[in-house]
Each structure stands twice: as structure tokens, then as C-alpha cells.
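Novice: need coordinates for the following:
(one chain, ligands or ions: 1)
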Amino acid sequence: MVRRHALRSVTGMITTDKLSKTFSNAGTQQHVLKNLDLEIERGSFTVIMGPSGAGKSTLLYALSGMDRPTLGTVEFDGETISGYSEDKLAKFRRRHCGFMFQQIHLLDSLSVMDNVMAVGLLTGDRRTVKERGDKLFDLVGLSVADRRKFPGMLSGGEAARVALVRGLIAEPGVLFADEPTGQLNSEFSRIVLDLLAAVNATGQTVVMVTHDIRSAAYGSRILYLRDGTIQGELSLADLPQGDAAARQNATAEFLAEMGW
Ligand SMILES: Nc1ncnc2c1ncn2[C@@H]1O[C@H](COP(=O)(O)OP(=O)(O)OP(=O)(O)O)[C@@H](O)[C@H]1O
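Specialist: Down below sits the predicted model:
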């Protein structure tokens with residue numbers, strides 16, 4: 001099941017060609033991503049793992065157009081987004097990308113519903129966005145009363161569910177999640193991951209960075225990043241979501257092989 005190198009084909013929704021990212025830190029060049037050729041397939045649930053500082057977040061930012069490569073390209077549905085102007089890139093992100101981060105950053109002065117509406121209204125009219133929001137809130141199990149609450153009144157698990165709704169409200173092509181359960185206890189983590197798996201099962205493409213084996217085991221595919229390159233990948237697509245033990249065992253074996 002383990003393949004040493006992530007291969008690239010023409011079927012990817014996101015494809016990178018020799019994607020490289022270098023940072024200059026105090027006069028020293030740090031080559032964080034080196035010539036990455038990879039693809040994210042439509043409908044997949046791709047997990048990015050690797051040691052701390054390996055460049056997982058940097059890769060997520062490059063794939064989602066939040067940052068640009070130093071060299072190489074990122075294509076989204078055949079469009080080279082890495083060549084876009086800042087304005088065009090911002091429009092691209094609003095139209096095609098949803099984000100869910102460890103720090104949830106809800107606006108305290110707005111109700112839960114208004115936090116979600118604020119993002120949704122960038123891409124649709126009020127009525128459509130409200131209807132979509134209500135459906136998503138139903139899906140994640142937040143009641144009408146919960147939707148009227150202000151962020152300060154939410155538990156960690158509720159806030160994470162709001163963040164998921166906000167990430168999906170604009171019907172993004174891809175949902176990017178960076179350690180989405182990093183601050184949650186295991187019960188809330190499971191709820192959020194079950195929801196991510198559920199939206200993925202409806203065809204939503206998900207790309208998630210995590211340090212956690214149990215979270216990673218929800219993916220359809222795990223990429224292992226180290227020293228700026230993809231050292232290996234594991235496909236979990238053939239194992240049903242319900243078989244958590246088999247998924248976690250396969251993930252743990254893969255990570256041991258990768259020297260994690
Ligand atoms: N904007 C930046 N300027 C300079 N260096 C940066 C910048 N962003 C990231 N780096 C450096 O790039 C390296 C990779 O960072 P990144 O956050 O992508 O790693 P990571 O694998 O996500 O780490 P972690 O698992 O600890 O969150 C780190 O050494 C970091 O200090």
C-alpha cells in the first residue's frame with residue numbers, strides 16, 4: 001500500500017509542478033519545500049503528515065493560494081493560480097477554498113449565524129446563503145438556539161463545528177483544514193472528524209494537516225512530508241470509514257515505516 005513517491009497524473013483537481021518554497025531567515029535560506037510534484041484528486045480526503053517544521057502548513061498555504069511558491073507552479077482545475085495577481089488570488093480563495101484552522105477566530109461581536117453569513121455573503125445572496133447555512137448547522141447538530149449564541153458562549157467542540165460550517169458555507173471546491181482538532185478533547189475531535197468524513201462522503205474534497213494518527217486515519221490518502229519532499233504515501237481508500245481499527249493500524253504501520 002505504501003508508494004515511495006507521490007505520482008502526478010492529469011486527473012488532479014490541484015496539481016503542483018516542482019513546487020518549491022524557500023524562506024530567508026536572518027540571512028540564511030531555508031528550503032522548506034523542494035520540487036514537489038503532487039496531485040490532489042477531486043473528492044479525495046488527503047492528509048498531510050510529517051515531523052514538526054517539515055513544511056506541512058507551508059504546503060497547505062501554497063495549495064490553497066494563501067501563499068505563493070518560490071519556484072514551480074500550482075494549478076487548480078488547469079488554471080495556474082500561482083501566477084495570479086494578489087486580487088485574483090483573493091477572489092480565487094473566496095470562490096474555491098474553505099478554511100478550518102486550529103485557531104478558530106470567530107468574530108466575538110457577531111452571533112454564530114452572522115459569523116457564517118459574513119463569509120457566505122461574499123459569494124451568494126442572503127436567502128440562498130441562509131438556507132445553506134441552516135442545512136449545514138443541521139448537519140453538524142447545532143440548534144437554532146445555538147446559532148443565535150455569541151462565540152464567547154460556545155464550548156470548544158461547538159466552536160469547531162461553527163468553524164466547519166463557516167469553512168463550507170461558500171460551497172468551496174476544497175476544504176483546507178490545518179490541525180482542525182488540535183485544541184479539542186477526544187470526544188469533540190471525533191465529532192469533528194466524523195463530520196469531515198461525512199462531508200467528504202458527499203463529494204467534498206478535503207485536505208487536512210494533522211499530527212494525530214486517529215485523525216489521519218479518517219483520510220483516503222496520507223502523504224508524508226519530510227526534508228521538503230514527499231517521502232511516501234498511503235492509500236486508505238479501500239478501507240471503510242467504519243473500520244477505524246484497521247485504518248489506524250495501517251496508518252501507524254505506515255508512519256513507523258516513514259520513521260515518524
Ligand atoms: N513566513 C515564514 N517566514 C520564515 N520562515 C517560515 C515562514 N513560515 C514557515 N517558516 C519556516 O518553515 C518551516 C516549516 O514551517 P511549517 O509551519 O510549514 O511547518 P509544519 O510542518 O507545519 O510544522 P508544525 O507541525 O510544527 O506546525 C519552519 O522552520 C518555519 O519556521
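
Novice: got the phi/psi numbers for the most centrally placed residue in the chain?
Specialist: By CA atoms, centre = their mean, the chain has its centre lying nearest to residue 176, at 2.3 Å. Residue 176 adopts backbone torsions of phi -100, psi 120, taken as degrees, to the nearest 10.

Novice: need the contact list for it.
Specialist: 60, 63-64, 97-100, 207-208 (CB atoms under 8 Å, 6 or more residues apart in numbering). All C-beta spots, glycine's among them, are computed from the backbone N, C-alpha and C.

Novice: just checking, what packs against the strand or helix carrying residue 230?
Specialist: Using DSSP states H and E, residue 230 falls within strand 229-235. Judged by 3 or more CB pairs under 8 Å, 6 or more residues apart in numbering; DSSP states H and E, strand 229-235 is in contact with strand 2-3, strand 28-36, strand 221-226, helix 244-257.

Novice: just how off-centre is that strand within its chain?
Specialist: Here the centre of strand 229-235 is set off from its chain's centre by 17 Å, with CA atoms, centre = their mean, to the nearest Å.

Novice: report whether that strand contacts the ligand.
Specialist: No: shown here: strand 229-235 not in contact with the ligand (CB under 6 Å from any ligand atom), separated by at least 12.8 Å.

Novice: okay, now the sheet partners of that strand, with direction.
Specialist: Strand 229-235 sits in its sheet next to strand 2-3 (antiparallel), strand 221-226 (antiparallel), going by DSSP bridges.

Novice: among the contacts of residue 176, name the ones in strands.
Specialist: Using DSSP state E, the subset of the contacts of residue 176 located in strands is 97-100, 207-208.

Novice: what subset of those residues is buried?
Specialist: 97-100, 207-208 (16 or more other CB atoms under 10 Å).

Novice: nearest to residue 216, of these?
Specialist: Residue 216 lies nearest to residue 208 out of those, by CB to CB, at 8.1 Å.

Novice: list the beta-bridge partners for the closest one.
Specialist: In beta-bridge terms (that is, DSSP bridges), residue 208 pairs with residue 47, residue 177.

Novice: quick one: pLDDT of it?
Specialist: pLDDT, residue 208: 97.

Novice: now do residue 101
Specialist: Per-residue pLDDT puts residue 101 at 86.

Novice: can you report how many residues neighbour residue 87?
Specialist: Residue 87 has 8 neighbouring residues, counting by other CB atoms under 10 Å.
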